[in-house]
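[1] how would this look folded up:
(one chain, ligands or ions: 4)
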Amino acid sequence: VAKKQGRDLVKPFVPSMQEELAKRIRVEADLRAAIRKAEIVPYYQPLVDLKTNKIIGFEALARWKTASGEFIPPNEFIPVAEEAGLIVELTDQLLRRACTDALSWPSELVLSFNLSPIQLSDRLLGLRILKILGDVGLPAHRVELEVTESAIIQDAVTARIVLDDLVNAGVRIALDDFGTGYSSLSQLSNYRFDKIKIDRSFVASFETNDKQDKVIKAIIALGAGLGVTITAEGIEEESQLQRLQDLGCDIGQGYLLGRPAPAEMLAADHVSARLSQRR
Ligand code: C2E
Ligand code: MG
Ligand code: MG
Ligand code: MG
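    Ligands and ions are numbered 1, 2, ... in the order given. Down below sits the predicted model:
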């Protein structure tokens, strides 16, 4: 035993680990307070039909604006919320807020909302989401939930129960960040998704990389074959948009088409003005 411990102790002392820990504890306490004060709110990024150039909906993206005016991105606080057991409360709050915002949009627009992988191993998630939609009065067909492959692989049985509850009620499911997980194709045949979102890492490099271009082309063909709508994320340049349109990609999202913006900025005329400026 001593030998085993001894070996563990050989690891060099890394001061930054202590700093990391201290930071984590601080962030966790701040996060708890932020949820209590509802300081974390959804921003909305437009999803654009690449055939008609019309906005078909918005993806809600969580933003934490601290009292000091600093923005903390979701990739930093969502993992903390998960580990600290705060993700259920945070999600309920964000979803309720997003659904309420969506009620004021034109009724054909969809709200797309991200779920964390660990949430899909919670059997009651589907029912809780449906309860929120019911409370707010947003029809299920106006809601799309974005999940990743890793979310489904973690606990496939529970994930299926949750997704079935949602799909049976009319909610649509999108497979987010497609291509970055490591068993992409198996999930496609295991579950019937309504939408596939091609990860932005593909879009970012596909014009300079001929193989990447072929991969995107193949994903679009796959979508057509499966009857699944394809969205490309992270469109930043006109040339990328053009190429995706040529390849027949259904939906686009990215800074070129619109950055995530707070609810107040979404007055329909504002966004459509931005879109037509581009043309
Ligand atoms: P995601 O769902 O893949 O969202 C797309 C991310 O790409 C967003 O980052 C968005 O702001 C960013 N993005 C959009 N267009 C462009 C572009 O043209 N260029 C570049 N470079 N980036 C672009 P964000 O908002 O920082 O969110 C990061 C991730 O955090 C999301 O990735 C999602 O997985 C997660 N997330 C965001 N909001 C929530 C939430 O409410 N709940 C959960 N569970 N996760 C969330
Ligand atoms: Mg997403
Ligand atoms: Mg994504
Ligand atoms: Mg992503």
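
[2] where does the protein dip in pLDDT?
    1-14, 182-184, 267-279 (pLDDT under 70).

[3] for ligand 3, what are the nearby residues on it?
    Proximity of the chain to ligand 3, by Cβ under 5 Å from the ion, involves residues 176-177, 233. Just so you know, the C-beta spots here come from the backbone N, C-alpha and C atoms, and that holds for glycine as well.

[4] now, which of those lie close to ligand 1?
    By Cβ under 6 Å from any ligand atom, the members of the residues of the chain next to ligand 3 lying near ligand 1 are 176-177, 233.

[5] re earlier: among the residues of the chain next to ligand 3, which are in strands?
    176-177 (DSSP state E).

[6] Serialize the residues of the chain next to ligand 3 to TSV and add fields for neighbour count.
    Putting these into TSV (neighbours: other Cβ atoms under 10 Å) gives the following:
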residue	neighbour count
176	25
177	20
233	22
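
[7] Would you convert the ones next to ligand 1 among the residues of the chain next to ligand 3 into a markdown table that also reports distance to residue 104?
    A markdown table is the format used below for those (distance: Cβ to Cβ, whole Å):
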| residue | distance to residue 104 |
| --- | --- |
| 176 | 25 |
| 177 | 29 |
| 233 | 25 |
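
[8] Now distance to ligand 2 too, for those residues, in TSV please.
    Output for these, formatted as TSV (distance: Cβ to the ion, whole Å):
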residue	distance to ligand 2
176	4
177	7
233	7
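
[9] And the residue nearest the centre of the chain, its phi and psi?
    With distances taken as Cα atoms, centre = their mean, the residue of the chain nearest its centroid is residue 114 (3.7 Å). The phi and psi values for residue 114, taken as degrees, to the nearest 10, are phi -90, psi 140.

[10] can you pull the contacts of it?
    59-62, 145-146, 176 (Cβ atoms under 8 Å, 6 or more residues apart in numbering).

[11] Ok, residue 217 next?
    residue 247.

[12] Point me to the helix or strand that includes it.
    helix 210-226 (DSSP states H and E).

[13] Spell out which parts of the stretch 151-279 of the chain neighbour ligand 1.
    Within the stretch 151-279 of the chain, the positions lying close to ligand 1 (Cβ under 6 Å from any ligand atom) are 176-177, 200, 233-236, 253-255, 260.
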